[in-house]
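Trainee: sequence unavailable; structure follows:
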């Protein structure tokens, strides 16, 4: 374990500070916010076709319904900048114009918004809107339109869309062991328990929205870029978010529509997407076809890797998922080639979902690595250890830290790994499988403010969000440790654009980036307090602010003490700001979090039903900021991995471009009974290159490796390799033993 | 508008409502009790779970008018003032939630579950008699989705309270 | 949800009178009806709440049980007599839905839940069940969950009930009262219809006809229910099977088999029963029975696997039951 200075609250398994609010129903999510004026309720009318133009729209019957105050259509929306324009700040900040013209962008695209006094009135009136659309042929399946595939301009924020190192064809050609396969991973929906919801209210040209969003700063720009107003005139409030997983990184359709409704009626309008809306009016993870070719020499050393993906991108919404990017940093090899192609389609927004890239990329790549290990006759753990790279195989840069070997070895030990075991227990075929996990560690710009009141209480403010990640709690811990106070003397306020801007929650960069900003703000406050103390009392001159702490209503240092009230100008508290940004280590080093996962599955010998029995994960994410919430996040990620391997798929009827399983009875996420005891281990560490806290991203790491470990266990149990995810009983049926 | 009398967390209400209002929307909109959550509005997630006459139900799939004379308990009725119920406290201690959106439903569900265990009511995994084992709790809590994946911790929280009761 | 008038009734006579109006519907637990009303798939003008009719008792009769239609699924599953004598029914009930839904869903209502199909639920797509004559988008579409038996060119939806499959296997009878006065008894396997040319009609009951009781006859000694599903809980059956029989000197007696997830109705495997009845259990016989039942099974593409899956399930279930019996003997 690396030495570090944090010996107090940071890392402790503190209970969530907002816990009592959440368990008593008092945490106010977007659709719970009420305000002082009654809200009108909006209900979205969705297009039944994926592409076309509205010929006519008849809203008379809806308008005649009791309680209806307005029906918004493309004919009466306020002035907007076209969708996709002003994209300089990225896709989350671009214009998200809705119903600006008669064009239908995708199936389920809003053709009208009914605004009424009650939900029942709005919902029923919405069913009476009639819309005639001149339908056009759309593009839904990238494989059917591969001739239209293009190399995207960038890959989820990075410019390296394709990579090539060494001579793949030559190395693969002479490899002693060659494996290749074509995989399919499906569209998926994040299916956060809270559907997207927004309450919008205009006050002249100023817009206030209470909504569920992960990154407030970009959201504010999105409203400004859509309505051509000053970002300063937009306020977003989002104190509690009922799960994000990427689906709430930016604003989605209901948010802009609520602003339309509010503009037209002059009253606050609330829209909570219903669950079926979410599948088309929110984002989804795009489908992929992934082709993999791997070669190894006679000693079980990887010599050639080729990973080529084909996916789909929503028109005017530039997101290409980097499915082959985790491959680049995984194993030492002589030659490696990765590429990404996308087809622009007439589909709802394709966007980030938990561990974009890794979640589907490691699912296939780590399955293929398993095949290669089998082909080489080497134990899958040993095979991975044997092929560990000493430096980043793609960039040649050193790793900031890399504890993959330890994850693999400790995981094997904790799980009781004896190779890819298969055995029969009654009607169950049991199999063991494992996979490695890797996820980039990112750092973004963030600012935070910390204010000390004269009674010694600290208030931390930033527009960061807590989407269930534990942000309130870890920032409390960081501020409390930095200032030397107990956590109950710290109040963390999040989710309001009135507070200093941060990167928000996403990409597992939130904790490290905003935690650093809070840490820096606390340091600045201490420096400032010491300066003020030295001014008030010369005895304080020359002391070190590091030693300063808050003691009741005083500041204290050694045996010195001064009332806080004597340090200010009498106007109230003393505040300071801090900022974080990625250091040069993010340029000079390759930064990742790591893990290894081990699964035991049981396959019903009669029906092929697959049940997970055990899952062990060992992870390295640098310094753990809160042992309790970190463990929970890892478990949550592992369960997403169960879903990816065995359940989750958004099924599209390609005749229409329609997701058909758009509810929670048909889109399966794991239920409690699907999840056995998860065995989670975190390797203690401190990555001095990541940030001053030594932490690394953890929110997406758990999903990585979980899915392929399960898939590899299914292979061990049945002897059959399935290359289409999720794996269903019917994929195994022909490979089950005869009844007996 | 249809008359409706019912009791919510011990408080009687005498209302006139649109018969189309679900019990969930009655709580959230008419009574401004937003603790019960709408996750799917179709009985597919459990976030709206409340207890009616001692039994847990999905309040979204129940018309409010059908609850004449019923006693409804919601998440807002679980704590005694600021003092959390044993289950609420156990949920905090075991980190049995992350985003917290499904939590009111989980806690209402778990509260009723404890009574079901006490009455010896079976689940599909029950053999002869109800046993206090993981599998029982997992099956019985499967009507409450948690996308954050706090399932293990939810089981721990319920187990702790259930064991203290026996 | 279309506006409707709501009334609560306290006796059968008032119930059937109120519900004989055109476009009237009975409301029990509402777990399926309210779901469909929210989607504007069901648009009753009148709702007659029958959940408080005095049909909440489970009475023991000389040979069996008479179950009130308003008994909830959870109460029925937990009933000690049901647990002891009709474990097939208890297991089927507890395999379905969740405790929250079972606490609300009633015995009568469970039978009358509508068939399940993504295209029926999606009002943007063609569905003959929702709008007769509009076509069936499930044919040629996504149909992994759909019927392999008794489907028509107009509809390939499946009935989703676990309870009804158990009732068919147990040979239950359904008692109703008629709006014009009088009562009738309908065998459980005759309640539902196959889609044919009129897929919008799910069952045989007339307008205003009310299920009041379900009668279970003498329990057979050997019973089992097995549900095959993607998730381990809270999931509709991909397929399911309920089997009940006695043995007379080692030969099947009064064997009844219900299949779920295969047809527009809970499917009575009459052909399989015919092969098995009076015969001595054997692997070859089970295979013959499964083949007979599935002889006319037809897949729709995505659901082709249900045919070999159901064959394996029939053979394995009968094998397991007879092996258990042999061990016990």
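Mentor: Yes, it's here. Predicted model only: the values in this text are computed from it and were never measured. Numbers count the residues shown, from 1 in each chain, chains lettered A, B, ... in the order given.

Trainee: so which bits of the longest helix anywhere in chain C are buried?
Mentor: When chain C is parsed with DSSP state H, its longest helix is helix C:306-328. Buried residues in helix C:306-328, counting neighbours by 16 or more other CB atoms under 10 Å in any protein chain shown, are found at C:306-322. Every residue, glycine included, has its C-beta placed from N, CA and C.

Trainee: within reach of chain A, which of these are there?
Mentor: C:308-309, C:312-313, C:315-316, C:319 (CB under 8 Å from any CB of the partner chain).

Trainee: now these as TSV including pLDDT and distance to residue A:725?
Mentor: Shown next, in TSV, are those (pLDDT from 0 to 100; distance: CB to CB, whole Å):
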residue	pLDDT	distance to residue A:725
C:308	98	22
C:309	98	20
C:312	98	24
C:313	98	25
C:315	98	30
C:316	98	27
C:319	97	32
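
Trainee: of those, closest to residue C:117?
Mentor: Comparing those against residue C:117 with CB to CB places residue C:309 closest, at 19.0 Å.

Trainee: once you drop chain neighbours, what's closest to residue A:184?
Mentor: residue A:724 (4.6 Å; CB to CB, 6 or more residues apart in numbering or on different chains).

Trainee: so that neighbour sits against residue A:731, correct?
Mentor: Yes. Applying CB atoms under 8 Å, one finds residue A:724 in contact with residue A:731, separated by 6.9 Å.

Trainee: between those two, which one's more packed in?
Mentor: Remark: of residue A:724 and residue A:731, residue A:731 carries more neighbours, 20 against 13, as counted by other CB atoms under 10 Å in any protein chain shown.

Trainee: so how many other residues sit close to the closest residue to chain C within chain B?
Mentor: Ranking the residues of chain B by distance to chain C (CB to the nearest CB) places residue B:143 first, at 2.7 Å. A count of nearby residues for residue B:143, using other CB under 10 Å, gives 28.

Trainee: what helix or strand is it on?
Mentor: In this structure, residue B:143 is located outside every helix and strand according to DSSP states H and E.

Trainee: let me see the contact set for it.
Mentor: Contact partners of residue B:143, counting by CB atoms under 8 Å, 6 or more residues apart in numbering or on different chains, are A:671, B:46, B:49, B:58, B:109, C:97-101, C:234.

Trainee: so who does the residue nearest to it when sequence neighbours are not counted touch?
Mentor: Excluding its sequence neighbours, the residue lying closest to residue B:143 (CB to CB, 6+ apart) is residue C:98, at 2.7 Å. Listed by CB under 8 Å, 6+ apart, the contact set of residue C:98 reads B:46, B:142-143, C:233-234.

Trainee: now the one helix or strand residue B:138 maps to, how far from the chain's geometric center?
Mentor: Per DSSP H and E, residue B:138 falls inside helix B:134-140. Relative to the centre of its chain, helix B:134-140 is centred 16 Å away, using CA atoms, centre = their mean, to the nearest Å.

Trainee: pick out the residue in chain A sitting closest to chain B.
Mentor: For chain A and chain B, the shortest gap (CB to the nearest CB) falls at residue A:25, measuring 2.1 Å.

Trainee: quick one: pLDDT of that residue?
Mentor: Residue A:25 carries a pLDDT value of 98.

Trainee: quick check: it touching residue B:28?
Mentor: No. With contact defined as CB under 8 Å, residue A:25 does not reach residue B:28; the gap is 10.6 Å.
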